[in-house]
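> Any chance you could fold what I've pasted below:
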Amino acid sequence: MKNNILKLQNIKIILLLILIWLPNSVYCKYSKQYDEQLSKLILTNPNEALIISEQRLLKAELSGDTENQLVTLYLLAQTFDILADSKAFEITVNKGLKLSTNHNNTRFISEFTGLLAYSQEISGNYRDALKNANKAYQLASETNDDRLIAEIMSIRGQIQLTIENYDLAISDIEAAIVIFKKNNDDINTSLNYNLLALLYAALGEADSSLKYYQESDDYDKIKSPYNQAALFYNMGTVFASKQDYKQALQYYSKSRILSTQTNDIYTIAFTNYGMAEIFVLQEKYNEAESALSTVFRVFESNNDILMLLNSNLLLAEIQTINKQFDQALNQLKKADAQSKIIDTPGIYLFYLQQKITYFVAQEMWEEASQLTNQTITLQEKVNRKNEEKLTNELKIKFNAEFDQEKMDLLQNQNKLQKASIKQELTTKKYLWALIVLSLSVLLMTLYAYRNQRKIKKYLYKQSITDYLTNVANRRHIIDKLKQLHIKSISEKSSFALVMIDLDYFKTINDSYGHDIGNEVLIYFAKTAKRIMANIGEIGRIGGEEWLILLPNISIEVLKEKLYELRTAFKDSVSANIPNDCILSFSSGVLISKGQYENHEIMLRNVDIAMYEAKQKGRDQDVFV
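Numbers count the residues shown, from 1 in each chain. The predicted model follows:
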């Protein structure tokens with residue numbers, strides 16, 4: 001089966017260590033693949049395998065060979081999975097399930113029920129997927145076939161992984177790996193190490209994830225370009241989570257090269273999504289939107305609900321940043337519907353976080369606050385479920401110990417006193433565990449309450465801060481200007497207004513690239529904040545233009561500060577800015593003592609003065 005690619009947002013999970021219970025039945029065999037040669041061809045050349053399988057199916061149907069029909073339908077389903085043809089896959093699985101049921105073939109009822117569960121998992125129907133996976137496992141157990149049982153456990157583990165039941169997923173996948181390795185089944189061992197790597201990536205354990213991806217690659221003797229492309233994509237996502245974007249892009253590039261060679265549009269779509277995520281982190285929003293534009297059609301054709309949700313949320317983030325609020329809202333509505341289909345707490349929290357960002361960007365503080373409260377409530381609900389789960393596991397463990405004690409009593413009456421003492425100690429341990437658990441939940445609740453205030457402060461800071469330079473954004477610095485203007489009129493106070501434009505900034509971008517241009521903006525902001533600290537405020541009003549507000553400052557001190565800023569900016573000490581990059585700025589300056597009717601007039605006057613400074617040769621100040 002194709003090495004599935006799953007994309008899960010980095011969520012903090014408490015992993016509960018549990019015993020891996022293997023089936024009680026004694027396995028008596030490990031069946032071979034139905035057709036080893038054709039199975040390998042499916043992995044290396046699925047288009048040729050498709051032609052052979054269809055011819056073989058037709059021949060089996062004409063001859064009435066039911067067994068051969070079932071085998072070929074199973075191999076066809078695997079082929080359609082590799083080719084990412086979800087409709088043909090679903091039709092083939094249903095056909096195989098109907099035929100195997102009509103002929104009461106337990107083995108193939110199990111095989112096709114497992115494939116049906118896999119199909120339902122991709123389309124977001126997790127409840128039916130888990131139900132059918134359990135049914136397939138029961139049927140597989142009746143056959144006493146290790147290979148079949150392990151394959152179904154692998155499918156069930158993948159479903160548990162997607163719905164965030166990580167402990168159960170580990171139990172199934174690790175148990176399957178033990179069986180596959182014991183029987184030298186390298187192909188299935190490789191695929192399940194890949195699943196284990198995906199699981200640890202979802203838990204945020206990047207190093208463990210990379211370790212298991214290496215195990216997967218070591219056991220992959222065939223090196224199918226389809227599986228390799230998927231492996232490279234998955235490794236790219238892990239490096240992206242480690243913020244090693246260079247490595248991530250290298251693996252995405254490898255994945256896209258292989259996928260393009262095989263015309264694997266499904267993996268190409270995943271790779272484009274991964275690259276779009278990195279472009280957003282690097283603030284390359286146009287590149288990110290361009291990469292995303294190709295993925296929706298592919299994920300829709302495969303009915304991949306999870307990736308459609310991820311793609312809609314990422315596009316909403318880009319559109320929110322670009323202030324395309326109507327378009328962003330449309331994407332959020334789609335993501336809302338998809339999150340309800342998936343219906344897991346982690347996914348819904350992911351959706352709520354993006355919607356909070358959307359509200360904050362529009363200064364819809366009440367809506368953002370309400371949604372933040374909803375997020376905290378949901379997180380508390382998740383914490384309660386984790387508490388109940390841990391409590392039940394403690395009860396099970398306690399009852400098991402208690403039953404063992406009863407057996408000891410029956411077997412050896414003279415140890416009654418010792419067993420009673422042991423039971424009492426066990427009970428005390430259980431009660432202490434519940435007390436510790438209750439305290440933990442209380443502390444988590446208190447932490448959530450304190451964290452709510454921090455979130456509100458963070459949201460407010462984000463709304464008034466320029467995302468690149470970490471100084472006041474245009475809206476906030478203009479609001480400060482309005483306040484100072486009103487104060488200067490009512491209290492007869494004075495303040496200086498300075499408008500600055502960095503000289504030849506377009507030339508810097510053209511000569512050194514936008515990354516260096518961004519470093520220049522960041523360096524100017526840091527320098528201005530340092531020099532103007534405690535006497536004024538600096539804000540970025542767009543591009544390379546800035547406003548500086550300086551209350552109650554004399555003209556002599558003002559000139560000294562501007563000279564100090566100009567000198568420090570020219571003598572760049574940033575390691576990221578080339579030595580031959582010439583830095584300077586031109587400014588317009590005025591001092592207000594309440595003589596202006598409104599702040600717009602002041603802005604117009606300093607703007608005119610700033611352009612006069614540029615016309616006079618730049619690198620100077622012009623006072624109004």
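> use CA for all of it now, contacts and neighbours both
Will do.
> Was I right to think Ala175 contacts Ile152?
No - with contacts counted by Cα atoms under 8 Å, Ala175 stays clear of Ile152, the gap being 11.1 Å.
> Show the subsequent helix or strand relative to the host helix or strand of Ala140.
Assessed by DSSP states H and E, Ala140 sits inside helix 126-143. Heading C-terminal from helix 126-143, the first helix or strand you meet, by DSSP H and E, is helix 146-162.
> hey, C-alpha coordinates of the following helix or strand past that following helix in CSV?
Once helix 146-162 ends, the next helix or strand along the chain (criterion: DSSP H and E) is helix 166-182. In CSV, the C-alpha atoms belonging to helix 166-182 read as follows (Å, rounded to 0.1, in the frame of the first residue of the first chain):
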residue,chain,number,x,y,z
TYR,A,166,-1.4,8.3,19.7
ASP,A,167,-0.9,5.7,22.4
LEU,A,168,-3.2,3.2,20.5
ALA,A,169,-1.6,4.1,17.2
ILE,A,170,1.9,3.2,18.7
SER,A,171,0.5,0.0,20.1
ASP,A,172,-0.8,-1.2,16.6
ILE,A,173,2.1,0.1,14.5
GLU,A,174,4.8,-1.3,16.7
ALA,A,175,3.1,-4.6,17.0
ALA,A,176,2.8,-4.8,13.2
ILE,A,177,6.5,-3.9,12.8
VAL,A,178,7.5,-6.8,15.2
ILE,A,179,5.6,-9.3,13.0
PHE,A,180,6.9,-7.9,9.7
LYS,A,181,10.5,-7.9,10.9
LYS,A,182,10.2,-11.4,12.3
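> Does anything pack onto helix 166-182? Which helices or strands?
Contact analysis of helix 166-182 by 3 or more Cα pairs under 8 Å, 6 or more residues apart in numbering; DSSP states H and E lists helix 146-162, helix 186-202 as its packing neighbours.
> Convert the helix holding Ala140 to PDB, retaining C-alpha atoms only.
This file holds the C-alpha atoms of helix 126-143, laid out as PDB (Å, rounded to 0.1, in the frame of the first residue of the first chain):
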ATOM      1  CA  TYR A 126     -13.100   8.400  11.000                       C
ATOM      2  CA  ARG A 127     -16.000   6.800  12.900                       C
ATOM      3  CA  ASP A 128     -16.800   4.300  10.200                       C
ATOM      4  CA  ALA A 129     -13.100   3.900   9.300                       C
ATOM      5  CA  LEU A 130     -12.300   2.800  12.900                       C
ATOM      6  CA  LYS A 131     -15.400   0.600  13.000                       C
ATOM      7  CA  ASN A 132     -14.400  -1.200   9.800                       C
ATOM      8  CA  ALA A 133     -10.800  -1.500  10.800                       C
ATOM      9  CA  ASN A 134     -11.800  -3.300  14.000                       C
ATOM     10  CA  LYS A 135     -14.100  -5.500  12.000                       C
ATOM     11  CA  ALA A 136     -11.300  -6.300   9.500                       C
ATOM     12  CA  TYR A 137      -9.000  -7.200  12.500                       C
ATOM     13  CA  GLN A 138     -11.600  -9.600  14.000                       C
ATOM     14  CA  LEU A 139     -11.900 -11.400  10.600                       C
ATOM     15  CA  ALA A 140      -8.100 -11.500  10.100                       C
ATOM     16  CA  SER A 141      -7.700 -13.100  13.600                       C
ATOM     17  CA  GLU A 142     -10.000 -15.900  12.500                       C
ATOM     18  CA  THR A 143      -7.600 -16.800   9.700                       C
END
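> Helices of the stretch 451-600 of the chain, start to end?
474-491, 505-512, 514-531, 555-570, 599-615 (DSSP state H, counting those that start in this stretch).
> So what's the residue count around Asn470?
The tally of other residues near Asn470 (other Cα atoms under 10 Å) stands at 17.
> Spit out the contact partners of it.
Ala525 (Cα atoms under 8 Å, 6 or more residues apart in numbering).
> Just name the shakiest helix or strand of this structure by mean pLDDT.
helix 416-464 (a mean of 56; mean pLDDT, DSSP states H and E).
> that older thread, quick one, which of the helices of the stretch 451-600 of the chain gets closest to Leu306.
Leu306 lies closest to helix 514-531 among these, at 33.1 Å (Cα to Cα).
> what packs against the closest one?
helix 505-512, strand 537-542, helix 555-570.
> can we see that at 7 Å?
Packed against helix 514-531 by the contact rule (3 or more Cα pairs under 7 Å, 6 or more residues apart in numbering; DSSP states H and E) you find helix 555-570.
> Now the helix it packs on: buried residues?
Leu558, Leu562, Leu565, Arg566, Ala568, Phe569 (16 or more other Cα atoms under 10 Å).
> Spatially, and excluding backbone neighbours, which residue is closest to the fifth one.
In space, not counting the residues next to it along the chain, Ala568 is nearest to Thr527; the distance is 7.1 Å by Cα to Cα, 6 or more residues apart in numbering.
> I'd say Gln120 and Ala129 touch.
Yes - using Cα atoms under 7 Å, Gln120 is in contact with Ala129, at 5.2 Å.
> between the two, which one's more packed in?
Using other Cα under 10 Å, the more surrounded residue of Gln120 and Ala129 is Ala129, with 26 against 21.
> OK, contacts around the nearest residue in space to that one that is not next to it in sequence?
Among residues not flanking Ala129 along the chain, Ala117 sits closest, at 4.1 Å (Cα to Cα, 6+ apart). Counting by Cα atoms under 7 Å, 6 or more residues apart in numbering, Ala117 touches Ala129, Leu130, Asn132, Ala133.
> Okay, Ala117 and Ser171: tell me how far apart.
18 Å (Cα to Cα, to the nearest Å).
> Please apply the same query to Met602.
69 Å.
> so where's the stretch 251-400 of the chain uncertain?
The stretch 251-400 of the chain contains residues with pLDDT under 70 at 382-400.
> what ranges do the helices span in it?
Under DSSP H, counting those that start in this stretch, the stretch 251-400 of the chain gives helices at 265-281, 285-292, 295-301, 305-321, 325-342, 345-361, 365-411.
> of those, which approaches Ile163 most closely?
Using Cα to Cα, these put helix 325-342 closest to Ile163, at 8.0 Å.
> other SSEs contacting that closest one?
Applying 3+ Cα pairs under 7 Å, 6+ apart, one finds that helix 325-342 contacts helix 305-321, helix 345-361.
> didn't Lys570 look like it was pressed against Phe585?
No - counting by Cα under 7 Å, Lys570 sits too far from Phe585 to count as a contact (9.0 Å).
> In this model Gly157 seems to touch Ala133, though I could be wrong.
No - the criterion here is Cα under 7 Å, and Ala133 misses it with Gly157 at 9.2 Å.
> re earlier: give me the residues contacting the helix holding Ala140.
Taking Cα under 7 Å, 6+ apart as the rule, helix 126-143 contacts 106-107, 110, 113-114, 117-118, 120-121, 148-149, 152-153, 156, 159.
> No more questions from me, cheers.
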